[in-house]
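**Q** predicted model, plus sequence, below.
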Amino acid sequence: MSQQTSILADIPFSLLELAPMRQGSTVGETLHNSLQYAKEADRLGFNRFWFAEHHNMPGIASAATSVLIGYIAGNTQRIRVGAGGIMLPNHAPLVVAEQFGTLESLYPGRIDLGLGRAPGSDQVTSRALNRDISRAEQFPEEVSELQTLLGPYNRRHTVRAIPGEGTNVPIWLLGSSLFSAQLAAQRGLPYVFAGHFAPRFLYDAIEIYRRDFKPSQVLDKPYVMLGLPLVAADTDEEAQFLGTTSKQRVLALIRGHELWLKPPVDTMDGLWSAQEETYVDNFLGLSVIGGPATIKHRLEMIVKELGVNEFIFTNDLYDLDKRKKALQILMEIKQ
């Protein structure tokens, strides 16, 4: 008898990258490592490689998102490269359209534009990026503006994105609450839920998106991509050990400390309080941690329960070789 094919075989796997920095590393070294990681993902057949926009966060080097997309796209062959996402309140839609129109012109059919309405930073940094604190409230209108700028010239608008016009760069809406789920449904756009850091509204957001979805020129039916934190290793025990790097990082985040990647530790005991442990566990509540069999079972259960169309993983391990190994394990379990 032939072995039954996993339901994961037809689910695309993608990656969300924050360009995580080890303390003592340079930005140049970190971005070179991100490229090596992306090249391995490209070789193995991953679908997308997206950068998340964050600012004023020592330990995260993905602030200049569109620049990094060009760097990765120019040094890979097939994988789609994009933003997961551009935090639209930080940027004029025209500038975003020009940047992504340029990228799409250079790398046709390989560029994605994910959009979020959070600042991707603290309030002080947000004001430094954009002095109009009401911009987030204009998100729906600015999404429409971007769609117009990236679409065909309609002879009604005096401002045109050159490059950008007519490129129709695919737009995705990202969210960790219900707002973007509702907007993506209304606009008939693909939706990404940020389960890698905010699992609380997962079920409600996907239910609302599917229930209220209106077909569009972009999509005729809902398309859900789910972000998940990943720690994959040869054994469950090794994965639990490697996962302490992410736990230390979230702990630093809630304490307001710098976010350098730290080496894994044998135990988190003594590093956090009981309250902090609960917070970190909630933050990473959707983590997929383990050896191949455990990872496969967990992902299959999520597909059966939620019917997601695609996964996008964060994979913030301390060692580059371990990050690459995790990608190999992911592709092997699709069989």
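**A** Looks like it came in fine.
**Q** for the stretch 201-335 of the chain, just list every one of the strands.
**A** 224-232, 288-290, 310-314 (DSSP state E, counting those that start in this stretch).
**Q** mean neighbour count and mean pLDDT added to these, as TSV?
**A** Yep, even glycine has a C-beta here, placed from its N, CA and C like the rest. Shown next, in TSV, are the strands of the stretch 201-335 of the chain (neighbours: other C-beta atoms under 10 Å; pLDDT from 0 to 100):
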stretch	mean neighbour count	mean pLDDT
strand 224-232	25	96
strand 288-290	21	96
strand 310-314	23	96
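**Q** take those and lay them out in TSV including distance to A274.
**A** Output for the strands of the stretch 201-335 of the chain, formatted as TSV (distance: least, C-beta to C-beta, whole Å):
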stretch	distance to A274
strand 224-232	22
strand 288-290	21
strand 310-314	26
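**Q** which residue packs closest to D112, ignoring adjacent ones?
**A** G82 (2.9 Å; C-beta to C-beta, 6 or more residues apart in numbering).
**Q** which strands and helices lie in contact with the biggest helix by length in the chain?
**A** With secondary structure taken from DSSP state H, the chain has its longest helix at helix 27-44. Applying 3 or more C-beta pairs under 8 Å, 6 or more residues apart in numbering; DSSP states H and E, one finds that helix 27-44 makes contact with strand 13-17, strand 48-51, helix 65-73, helix 320-333.
**Q** rerun at 7 Å
**A** The contact analysis (3 or more C-beta pairs under 7 Å, 6 or more residues apart in numbering; DSSP states H and E) places helix 27-44 against helix 65-73, helix 320-333.
**Q** which of those helices sits most buried?
**A** Burial of the helices and strands packed on helix 27-44 is given as mean neighbour count (mean count of other C-beta atoms under 10 Å); helix 65-73 ranks first at a mean of 21.
**Q** how many residues are close by R255?
**A** Here the number of neighbours of R255 (other C-beta atoms under 10 Å) works out to 10.
**Q** show me the shaky parts of the chain.
**A** 1-4, 119-134 (pLDDT under 70).
**Q** where along it do the helices fall?
**A** For the chain, applying DSSP H gives helices covering 27-44, 65-73, 93-106, 123-129, 139-150, 179-187, 202-212, 236-242, 244-255, 274-283, 292-306, 320-333.
**Q** quick check: closest non-adjacent residue to V280.
**A** V250 (4.7 Å).
**Q** was I right about the one you found contacting N282?
**A** No. Using C-beta atoms under 7 Å as the test, V250 is too far from N282 to be in contact (9.6 Å).
**Q** so what's the spatially most central residue of the chain bridging to?
**A** Geometric centre of the chain, nearest residue: L16, 3.7 Å, by C-alpha atoms, centre = their mean. Beta bridges link L16 to W50, judged by DSSP bridges.
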